[in-house]
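# Return atomic coordinates for the entry below.
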Amino acid sequence: MKLAIALSTLIGLAAANPRPQLPIPDTPPPPLTSHVPPETETIPGPPATSSPTSTSKGAPPAPTNAPPAPDGSICECGYTYCASVLMGMKKPWSQKQLAEAYCNTPHAACNNHVPATNITSALYICLCDDEDQKVGTHLDLVCGCDKCLNIGPDFRGRSSPDFSSHPAGAHTAPASAHGIKLLLLLLAWALPVAVRIVEASADVNPYNRLDEGRFVMASSVLRPLATELYFSPSTASSSRFLRSRIQNVRPLLSSRRQWHASAGLPRQTAVVAAAAKSLALVRHDSPVARVPVLLPKAYSTEAATVLPPTTPYSQLTVGVPRETFPGERRVALTPANVALLLKKGYSKVLVERGAGAAAEFLDDAYAKAGATLVDSPNGIWSAADIVLKVRGPSNSEVNSIKENQTILSFLQPGQNKDLVEKIAARKATYFAMEMVPRISRAQVFDALSSMANIAGYKAVLEASNVFGRFLTGQVTAAGKIPPCKVLVIGAGVAGLSAIATARRMGAIVRGFDTRPAVREQIESLGAEFIEVDMQEDGSGAGGYAKEMSKEFIEAEMRLFKEQAKEVDIIITTALIPGKPAPKLIKMDMLDVMKPGSVVVDLAAEAGGNCEATKAGELITYNDVKVIGYTDLPSRLPTQSSTLYSNNITKLLLSMTPKDKEFGIDLSDEVVRGSIVMQKGEILPPAPR
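Coordinates of the predicted model:
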């Protein structure tokens, strides 16, 4: 209640004390003579010079008492300049000259011919006699600013209308502005809400709309105060609220048309016209200007987006053949995702009979989900527009690929160049699931990480199956059993999964990686991070490791040999994209391992990290078992198929430039990163 009484009292005081408004004469205003001082004042300075009379129709006469520019200094017509810019030109304007131009301007507040503000912070406009004239020698004050808004000191702003061609009008303030100003100054520090209410209903003088622009703020609170603050800029600092709004502003010109600063000269017609115009920042010839500057890129909301060719889902058929690779038990699409694709609008989903049987997804489940069961693989390849697989196609499947067919599967194009060329000859489009970029948005498509997670888990289980002792330590009546010691080389997805699994089974785990950044991840799983006594970062592009230097590898080999003497199980996961797997476990290391030890090589398919590895086999070397299985994810077929199906389905549904229409947009980072060829044209790998 007290607040309401105080507010009403202040509003009454404000309304009761308006300042008289100067009348606007009915007769046309006089021509612009902004440099002519009042008759009652004498401005010291150089003798007056005359400028050539304008020859353009309707142009005002030249100022008759404006001091000439020193040393032939000139300015460009219609531009506004900070005083600091004018003083920094090749032919600088003197401080005295600027002070005279300041005080000669009719609206300037000069006591005893002394500017009311620091002359270096004032903003001027260059006036010319003729609207076609490009340079002039006369200045008029735009603003006795506390801070010049032509960001600089090396910028000047161009005002679109030609101020020299418009006469000066009566510069008056609306009566309501003074009362509102009093109210704001009293309330702003304690009652911001009242400020917003009052400012919203304040009368605004249309001829001074741009005066508030010099504060570079899109805030209506300054509109009714524009005229008052124009005459005395320091008034703004009397309010803590207004001072906080005028200070701490970003040193940028706003892109909103109504907030441009350089058109703040109180010329009735010119200022109103300038409100609808934009300003262009122009680099001025000064020492600072010679430093390159980055200007913001042009942006247009009207630019049309070019979409790739698309095909409605209702015209597309998806096919899922049975995997033909020996020992492969996974299936590319589960019944749950068959139902999802049909729900999204795809015409048909064809599934070869028995495709999911090894993964415990029976034909009946596919039929209930809406799939069409096909007896032979030829029925899939001949009818499907999009084929989903786990492994790359065999030679017989390549011959069944039809033109313009789209295929998604693991492919390893770098290691299977002959296969890639055969597929390209069939004019097909191919996406390699292992090439999906490792970015945040693509995590749901990252089948490689999904399979690596399963491989790391399964690697520990396979090692425990052939290891002759417990992984966990125990104390029993029969004696104490020490825990197994496990070394995991490579802390990617597979390595971290192996570390976590071994720790859960009670083993003592050590982890190694060439990337120092993974130390925290290894230690967070309860494992010990080991490293070589050498500073070299192995972080590569796309979250992968890079090939290390010869010196680092030598130090690494010494470390591994020392660890091989102590640990019971070694799990290697090191891969380098596009290159054979590095050899990390040498024969001499196997020689020093304890009898019954186990090595699990998850890089066996890429050549192996162990010199004794044979891809797809379990061998024994010097009483050390070396596991080189290449189908570890397939050994958990149900779980692997579920995750892979989710990845491949979400990737397929993401390629939708238009709603419920399939299209290949090469500007999409995920699409460009995973595509191998388009309609038979082999595309270069996307940069990573």
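
# Show me how the record splits this protein into domains.
What the TED database lists as the domains of the chain is 75-159, 310-435+656-682, 447-635.

# Adding distance to residue 441, write those domains out as TSV.
(C-beta placed from N, C-alpha, C; glycine too.) Output for the domains of the chain, formatted as TSV (distance: least, C-beta to C-beta, whole Å):
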stretch	distance to residue 441
domain 75-159	37
domain 310-435+656-682	7
domain 447-635	14
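
# Among those, which comes closest to residue 642?
domain 310-435+656-682 (5.8 Å; C-beta to C-beta).

# Low-confidence ranges, the stretch 401-550 of the chain, go.
536-548 (pLDDT under 70).

# mind running it again at 80?
The model of the stretch 401-550 of the chain has pLDDT under 80 over residues 534-549.

# Now residue 584: closest residue in space that isn't a chain neighbour?
residue 609 (4.6 Å; C-beta to C-beta, 6 or more residues apart in numbering).

# Name all residues that make contact with that neighbour.
489, 572, 573, 574, 581, 582, 583, 584, 585, 601, 602, 603 (C-beta atoms under 8 Å, 6 or more residues apart in numbering).

# Now do the contacts for the second one.
Translated: residue 572. By C-beta under 8 Å, 6+ apart, residue 572 lies in contact with 489, 490, 584, 585, 599, 600, 601, 602, 603, 609, 610.

# quick one: buried residues of stretch 637-649?
Neighbour counts over stretch 637-649 (16 or more other C-beta atoms under 10 Å) mark 637, 639, 640, 641, 642, 643, 644, 645, 646, 647, 648, 649 as buried.

# ugh, wrong one, I meant stretch 411-425
411, 412, 413, 419, 420, 422, 423, 424.

# do the same with stretch 340-355
In stretch 340-355, counting by 16+ other C-beta under 10 Å, buried: 340, 341, 342, 346, 348, 349, 350, 351, 352, 355.

# for the last one, what are its contacts?
The contact partners of residue 355, taken as C-beta under 8 Å, 6+ apart, are 320, 321, 322, 323, 331, 361, 366.

# got TSV for the residues you listed, with neighbour count and distance to residue 513 too?
Shown next, in TSV, are these (neighbours: other C-beta atoms under 10 Å; distance: C-beta to C-beta, whole Å):
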residue	neighbour count	distance to residue 513
320	29	37
321	25	38
322	20	38
323	23	33
331	32	33
361	24	36
366	26	42
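
# In those residues, find the pair that's most separated.
323 and 366 (15.1 Å).

# Mind checking which of the contacts of residue 355 land in helices?
residue 366 (DSSP state H).

# Next, work out how far apart residue 452 and residue 444 are.
Residue 452 is 15 Å from residue 444, where distance means C-beta to C-beta, to the nearest Å.

# wait, residue 489
From residue 489 to residue 444 the distance is 29 Å (C-beta to C-beta).

# With residue 353 instead?
In terms of C-beta to C-beta, residue 353 sits 30 Å off from residue 444.

# As CSV, the contacts of residue 572 with secondary structure and distance to residue 142 would be great.
Listed next are the contacts of residue 572 as CSV, based on DSSP: H, G, I helix; E, B strand; the rest coil; distance: C-beta to C-beta, whole Å:
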residue, secondary structure, distance to residue 142
489, strand, 71
490, coil, 67
584, coil, 72
585, strand, 77
599, strand, 80
600, strand, 78
601, strand, 77
602, coil, 72
603, coil, 71
609, coil, 73
610, strand, 78
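
# Which strands or helices does the longest helix along the chain pack on?
Longest among the helix segments of the chain by residue count, using DSSP H, is helix 447-466. In terms of contacts (3 or more C-beta pairs under 8 Å, 6 or more residues apart in numbering; DSSP states H and E), helix 447-466 is packed against helix 493-504, strand 569-572, strand 598-601, strand 624-627, helix 637-654.

# Next, the angle from the longest one to helix 447-466.
With axes from the mean of the first three to the mean of the last three C-alpha atoms, to 10 degrees applied, the angle from helix 637-654 to helix 447-466 works out at 170 degrees.
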